[in-house]
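K.L.:
compute the structure for the input listed below.
(chains A and B)
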Amino acid sequence: MTDPLFYQGTEDYIVSNDLQNSVNISVALKRPLLIKGEPGTGKTVLAESIARSLGLNLIIWNIKSTTKAQDGLYVYDTVQRLYDSQFGEQNVSNIQQYIKLGKLGEAFESNERVVLLIDEIDKADLEFPNDLLWELDVMNFYIPETGETVSSKHRPIVIITSNAEKELPDAFLRRCIFHYIDFPDQTMMKEIVHVHFPDLENQLLAEALKAFYWLRSITGLQKKPSTSELLDWVQALTIGGIEPDKIAQEIPFLGTLLKKNQDFDLTLRQLHTRGTEAPSRAKRGW
Amino acid sequence: MYTNFFYALRREGIPVSITEWMTLMEALSVGLAESSLSGFYYLARAILVKSESHFDQYDLAFQTYFQGMETPEQLLDQVSQWMENPLPPKMFSEEERNELLKKLGLPDWESLKAALEERLRTQDGAHHGGGNWIGTGGTSPFGHSGFHPGGVRIGGESYGQSAVKVATERNYRDYRSDETLGVRQFEVALRKLRQFSTRLDGVKDQLDLEDTIDETCKNAGRLKLVWTRPRKNSVKVIVLMDVGGSMTPYANICSQLFSAVHKSSHFKDLKFYYFHNCLYDLLYLDASNNPKKAVKTEDILRSLNSDYKVIIIGDAAMAPSELMMSDGNIYWGIGNEEPGITWLERVAKKFPYNVWLNPLPEKYWERVHGSQTLKIVRDMFPMFELTLEGLDRAIKKLMVRK
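P.N.:
Predicted coordinates:
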């Protein structure tokens, strides 16, 4: 049986061919899709785009350093039950009412198929992904307190993003489909900016992109500017009414692109040396 | 189907498992490759390769498998056959060495590499005891068990301790052995490497019993729970260990330390990497120093916080070229754009809590073969002997920013 679900990207999200392939592979094989890539390459937005393109609801589970795997399944609010028993206001014999499903549980319980985004899985503890192996494999879990098993009515499409802050365990990786989002090249970046600013002047865009990729080519930057910073910057440039030919020379509003002090200094130094050099000798890093 | 591709991937060092392979088969059977080679390329990559750092190896394996390209590995096999039945190691005296040094001079790496390539093309068999061809026991720059001030050691053991490059099998024995003698003492010493987190950060997930009783009493017997933060050891450690070559005599003590570090479960995080003689752009994940099982030093520098404490274990005695020159890496074929010293400086700068443990007894530090580099390294890292006492002092040093 072929799966009727086929992802093709959405108009507000430019997707490369191989990313589109990877999404469809993961949907067809019913395996979670693990997305890695530089910050700001649209990992999180991808899930939104998939949900919209396939007409499904999106459930987002944001992972923090304190998130435990159990939180995603269910939480048994023992303290509330204890309070209730002391106040004697409610009948506390029904444990059911103290079981609160987490995001994963919610996705399982949903009456229609959903897209589940597990965002920034590498933020959590090292063991976190391993704790979810079983649940993501068989798509059900058991609640011992009530003797219930929550299983998925429709297998959710699971998208997992990682910023590679931590290595993920092998056992977990084995079960995923992996895709690394490359940083977009100039042509693709042009399309991306166009989606967000359809009325942008071509010359301004070309100059901005030139400066942007020059900035990214500087060796030794601690944090290279990413797509989202470029978009902010382009907006700042249009609001500020900057002349296109000044952009590459001065890089105004540098603060929107670079967020670290050292990077700022480094770039200004580079900008200075580049400015004093004859244009023909201008190097693009080495 | 494609089973040899599976092995080609594994040969390139990509950790492909049977599970993933079966997934790929499943995907092919439902026609996800769209019957095209490029479709297969992306499909197999998405399923089999789980890190972008393996993409390059994947490409290599793919090329080899689908185009039948040959790698220079075969060449190495041939050379290692010439190296069989070597002459016994010839010991050169200090005068002889100096004379040779004067006569032959220090070659630069590029011309050395070109010369070796040329020899590989023209040499037809084994040559031993001479001064030109690849062989053993002579003064040719290529081969082993001989002496040349700046040659390439091919196979064999290091006798002259000055081969600029090593092109050998690199199967250094793994340090993961279960040593018991001495391990315990090391463990005890390592236990001092401890720093409890303050109760200021972290999750409040421990019941504060006293406060709970207090508060509940104040609350007229109605339960009121008070939570607090547990105190945990917050020390994170990176261990970098030199293996092979001049470190071989110290393998025993190093493996004791290795076992001790790994048994110490009290660190919040422990990273263990290997290097050979000096740090360059790659750090190895096991003692075989296989570049296929390696991480980029740059990535370590970027992704780990500066609160990691760095312990480097090595003799720091090497040829000056290995420390100061680009392409000084002793391994054949692994060039390094930046000299080892730059990498050492970066590590020292990024991780201010650092020590260097040297298995060489301190009294030899001034006189040993390689004392020149040892001194440079010593100026950069606080250096201690790899003894119980040295470790104790090193750990005290690690607890304070230098």
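K.L.:
contact residues of chain A facing chain B?
P.N.:
Contact residues of chain A with respect to chain B, defined by CB under 8 Å from any CB of the partner chain, are listed as A:2, A:18, A:21-22, A:24-26, A:28-29, A:31, A:34, A:36, A:66, A:79, A:82-83, A:86-87, A:164-165, A:168, A:170, A:173-180, A:222. Using the backbone N, CA and C atoms, a C-beta is placed for each residue, glycine as well.
K.L.:
can I get stretch B:373-380 in PDB, CA atoms only?
P.N.:
Only the C-alpha atoms of stretch B:373-380 are listed here, as PDB (Å, rounded to 0.1, in the frame of the first residue of the first chain):
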ATOM      1  CA  THR B 373      59.700  20.700  22.900                       C
ATOM      2  CA  LEU B 374      59.100  19.600  26.500                       C
ATOM      3  CA  LYS B 375      60.200  23.000  27.700                       C
ATOM      4  CA  ILE B 376      57.900  24.800  25.300                       C
ATOM      5  CA  VAL B 377      54.900  22.700  26.400                       C
ATOM      6  CA  ARG B 378      55.800  23.100  30.000                       C
ATOM      7  CA  ASP B 379      55.700  26.900  29.600                       C
ATOM      8  CA  MET B 380      52.200  26.500  28.300                       C
END
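K.L.:
go ahead and name everything in contact with that stretch.
P.N.:
The contact list for stretch B:373-380, computed with CB atoms under 8 Å, 6 or more residues apart in numbering or on different chains, reads B:315-320, B:322-323, B:341, B:344-345, B:348, B:356, B:358, B:360, B:365, B:368, B:383.
K.L.:
just the ones of the residues of chain A next to chain B in strands?
P.N.:
Assigned to strands by DSSP state E, the following of those qualify: A:34, A:36, A:177-180.
K.L.:
out of those, which is nearest to B:Tyr273?
P.N.:
Proximity of those to B:Tyr273, judged by CB to CB, is greatest for A:Lys36, which lies at 21.7 Å.
K.L.:
based on its surroundings, how many neighbours for the residue of the stretch 301-402 of chain B found nearest chain A?
P.N.:
Checking the stretch 301-402 of chain B residue by residue against chain A with CB to the nearest CB singles out B:Ser303 as nearest, at 6.5 Å. By other CB atoms under 10 Å in any protein chain shown, the residues close to B:Ser303 number 14.
K.L.:
which parts of chain A belong to which domain?
P.N.:
Under the assignment named as automatic domain parsing, the residue ranges that make up the domains of chain A are A:17-181, A:186-281.
K.L.:
got a list of contacts for the host helix or strand of A:Leu46?
P.N.:
With secondary structure defined by DSSP states H and E, A:Leu46 is part of helix A:43-54. Helix A:43-54 is contacted by residues A:5, A:7-10, A:12-13, A:15, A:19, A:23, A:35-37, A:56-58, A:60, A:114-115, A:117, A:119, A:157, A:159, A:161, A:181 when judged by CB under 8 Å, 6+ apart.
K.L.:
mean confidence for it?
P.N.:
Per-residue confidence for helix A:43-54 averages out to 90 on the pLDDT scale.
K.L.:
how far away from the center of its chain is that helix?
P.N.:
10 Å (CA atoms, centre = their mean, to the nearest Å).
K.L.:
for the host helix or strand of B:Lys397, list the C-alpha coordinates in CSV.
P.N.:
When secondary structure is defined using DSSP H and E, the element that contains B:Lys397 is helix B:388-398. Output for helix B:388-398, consisting of C-alpha atoms alone and laid out as CSV, is shown next (Å, rounded to 0.1, in the frame of the first residue of the first chain):
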residue,chain,number,x,y,z
LEU,B,388,50.6,9.4,42.6
GLU,B,389,52.2,12.5,44.1
GLY,B,390,52.2,14.3,40.8
LEU,B,391,48.6,13.5,40.2
ASP,B,392,47.7,14.8,43.6
ARG,B,393,49.5,18.1,42.9
ALA,B,394,48.0,18.3,39.5
ILE,B,395,44.5,17.9,40.9
LYS,B,396,45.0,20.7,43.3
LYS,B,397,46.2,22.8,40.4
LEU,B,398,43.1,21.8,38.5
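K.L.:
what residues does it touch?
P.N.:
Surrounding helix B:388-398, the residues in contact under the criterion CB under 8 Å, 6+ apart are B:185-186, B:189-190, B:192-193, B:257, B:309, B:311, B:353-355, B:357, B:362, B:382, B:384.
K.L.:
gap between A:Gly42 and A:Lys68?
P.N.:
When distances are taken as CB to CB, to the nearest Å, A:Gly42 and A:Lys68 turn out to be 28 Å apart.
K.L.:
ok, the two, which is more surrounded?
P.N.:
Taking neighbours as other CB under 10 Å, A:Gly42 and A:Lys68 compare with A:Gly42 leading, 22 against 16.
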